[in-house]
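1. let me see the structure of the following:
(one chain, ligands or ions: 1)
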Amino acid sequence: MNPLPTPAPMAKAQPAESPLAPGQRLPESRLRQLSPQATAEIQTLAAKYPDKLAATLPALYIAQKDFGFVSLSAMLEVAKVLGVPEGHVFGVATFYTLFQKRPVGKYHLQVCTNLSCALNGAAKLLEKIAEKVGAQPGAGPSEDGLWSVEEVECLASCGSGPCLQVNDDVYDEYVDEAKLEELLAACRRGDYRPWGE
Ligand code: FES
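-> Numbers count the residues shown, from 1 in each chain. This is a model prediction of the structure:
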């Protein structure tokens, strides 16, 4: 009778660098804790809600501003300050595409490519922007950290497309080549003013 085969030694489990979503690896931020100011801001905000879960969206916006993007640490910090389940914060942050889950440039340029904007040249605008700033859509910040570019869904300014959003600021007017040049030059000089100001 053949002896039973000796079982192969079990591979030692490696500690994970950070918690993972199923099938998803999100980048982690250099920062691991909210600043005291952001923490205070979230606490003040949370005090206005009888149910702290309801404060998750605005709290994530505060964390996004503080961290530069919504990293896993940012989500954990929001959960800790609000006293709500981490899974809830993770679910909210990953459901909404408007939260940046990856690092972005100082100027995050978003071009809507939905139907109205597509019919009015959105693809061309997106291509032009990517070429001018040296950052491909969705590929993270440019080498100098100044720019990132993203193709996004409707920005609710369908009548004036192709619609461009710079950080939180939506351009409610047609952005032609001259306007784009002017806008990028202002960003490079550091005197960018949000649309309409
Ligand atoms: S379709 Fe582009 S803003 Fe609505």
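2. find the residue at the geometric middle of the chain.
-> Gln100 (1.0 Å; Cα atoms, centre = their mean).
3. now the strands for the protein?
-> For the chain, the strands defined by DSSP state E cover 107-112, 147-152, 164-166, 169-171.
4. in a markdown table: the ones you listed, plus mean pLDDT.
-> Output for the strands of the chain, formatted as a markdown table (pLDDT from 0 to 100):
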| stretch | mean pLDDT |
| --- | --- |
| strand 107-112 | 95 |
| strand 147-152 | 95 |
| strand 164-166 | 94 |
| strand 169-171 | 90 |
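5. mind listing what the residue nearest to the centre of the chain touches?
-> Taking Cβ atoms under 8 Å, 6 or more residues apart in numbering as the criterion, Gln100 is in contact with Gln64, Phe69, Val70, His108. To be clear about C-beta, it is placed using only N, CA and C from the backbone, and glycine gets the same treatment.
6. quick one: which of the residues you listed is nearest Cys117?
-> Nearest to Cys117 among the contacts of Gln100 is His108, at 17.4 Å by Cβ to Cβ.
7. if I look at the nearest residue to that closest one once chain neighbours are set aside, how far off is the ligand?
-> Distance criterion Cβ to Cβ, 6 or more residues apart in numbering; nearest residue to His108, sequence neighbours excluded, is Ser148 at 5.0 Å. Distance of Ser148 to the ligand, given as Cβ to the nearest ligand atom, to the nearest Å: 19 Å.
8. how about Ser148, what does it touch?
-> Pro103, Val104, Gly105, Tyr107, His108, Leu109, Ala135, Ala139, Gly140, Pro141, Ser142.
9. for stretch 29-46, which positions count as buried?
-> Within stretch 29-46, the residues scored as buried using 16 or more other Cβ atoms under 10 Å are Ser29, Leu31, Leu34, Ala38, Thr39, Glu41, Ile42, Leu45, Ala46.
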